[in-house]
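Engineer: Fold the following for me, if possible:
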Amino acid sequence: PPPRPAPAPRVPEAEKAVSLRPRPAPREDNATRLSREALARLEARLRALEEEKKREAAERRLERRLAELAAAARSGQGAPAAGTDRAGNGTAAGGGRLGTALEVVLQRYADEEVYPRVRRNWAVPVELSKERGLECVMVIRISAEGRVVKAWMEKSSGARFFDRAARLAVTAAGELPPLPAPLRPGPVEIGIRFGPEGVGR
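Structural biologist: I've put the predicted structure just below:
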């Protein structure tokens, strides 16, 4: 028989080296990226809507509470506090500055007759009770008979519901006791400071 060619020698396959190099991240196509961004925008919008609903619910609760205070004021008040125009600063009687002795009498009248009555009607809205730095100051002008003839906001808290609650507390206090003899014929003006912690000077 004719001779056969010898088979070619087998070449051993090269062994694959084990690699620890990081594999390249798969590229994100435009459609996937746009979908992800749209989803993020939608989630942000939903969060904003939830916050808005919470604020609206809180405002409705405050409105109900203030309406209750207003109803209580209408049912139990004497003469209403009239006007909201600002009419000067300081403590006055008959248009002049009170002397030290009269200021002592006026302060006692405020501490014993005015502040306690207003304090009984002061209700801080729950949503604002933990807010720090909230404070407003109202001034009331009182006639010799104890009637509040004018009330105005000397310093606003910047929180609408807080200021409204202060106005209602003054209105609900109603008619006050007549002025002491040394303060007559009046009128006198007394500042009332409102804060989450209470009512006072």
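Engineer: What ranges does the protein have for its strands?
Structural biologist: For the chain, strands defined by DSSP state E occupy the ranges 92-93, 96-97, 136-142, 148-155, 188-195, 198-200.
Engineer: looking at those, which is closest to Ala38?
Structural biologist: strand 136-142 (45.5 Å; CB to CB). Placement of C-beta: from N, CA and C, glycine included.
Engineer: partners of the closest one in the sheet?
Structural biologist: strand 148-155 (antiparallel), strand 188-195 (antiparallel) (DSSP bridges).
Engineer: Would you mind giving the ones you listed as a markdown table with mean neighbour count added?
Structural biologist: A markdown table is the format used below for these (neighbours: other CB atoms under 10 Å):
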| stretch | mean neighbour count |
| --- | --- |
| strand 148-155 | 18 |
| strand 188-195 | 21 |
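Engineer: out of these, nearest to Asn121?
Structural biologist: Nearest to Asn121, of the strands paired with strand 136-142 and by CB to CB, is strand 188-195 at 11.0 Å.
Engineer: Show the average pLDDT along that closest one.
Structural biologist: Averaging pLDDT along strand 188-195 yields 94.
Engineer: coming back round to it: can you lay out the strands paired with strand 136-142 as TSV showing distance to Glu51?
Structural biologist: Output for these, formatted as TSV (distance: least, CB to CB, whole Å):
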stretch	distance to Glu51
strand 148-155	29
strand 188-195	27
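Engineer: right, and the strands of the chain - which one's nearest Arg41?
Structural biologist: Of all the strands of the chain, strand 136-142 comes closest under CB to CB, at 40.0 Å.
Engineer: and for the closest one, what are the contacting residues?
Structural biologist: Outside strand 136-142, the residues that touch it by CB atoms under 8 Å, 6 or more residues apart in numbering are 81, 87, 114, 148-157, 162-163, 166-167, 170, 176, 179, 186-194.
Engineer: Tabulate the CA atom coordinates of it in CSV.
Structural biologist: C-alpha atoms of strand 136-142 as CSV (Å, rounded to 0.1, in the frame of the first residue of the first chain):
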residue,chain,number,x,y,z
CYS,A,136,-46.7,88.5,68.1
VAL,A,137,-47.6,91.6,70.1
MET,A,138,-51.0,93.3,70.1
VAL,A,139,-51.9,96.6,71.7
ILE,A,140,-55.4,97.4,73.0
ARG,A,141,-56.8,100.7,74.0
ILE,A,142,-59.2,100.6,76.9
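Engineer: just to revisit the earlier point, nearest to Glu43, out of the strands paired with strand 136-142?
Structural biologist: Closest to Glu43 of the strands paired with strand 136-142 is strand 188-195 (CB to CB; 39.0 Å).
Engineer: residue boundaries of the helices in this protein?
Structural biologist: 30-76, 100-109, 115-120, 160-173 (DSSP state H).
Engineer: Appreciated, that's everything.
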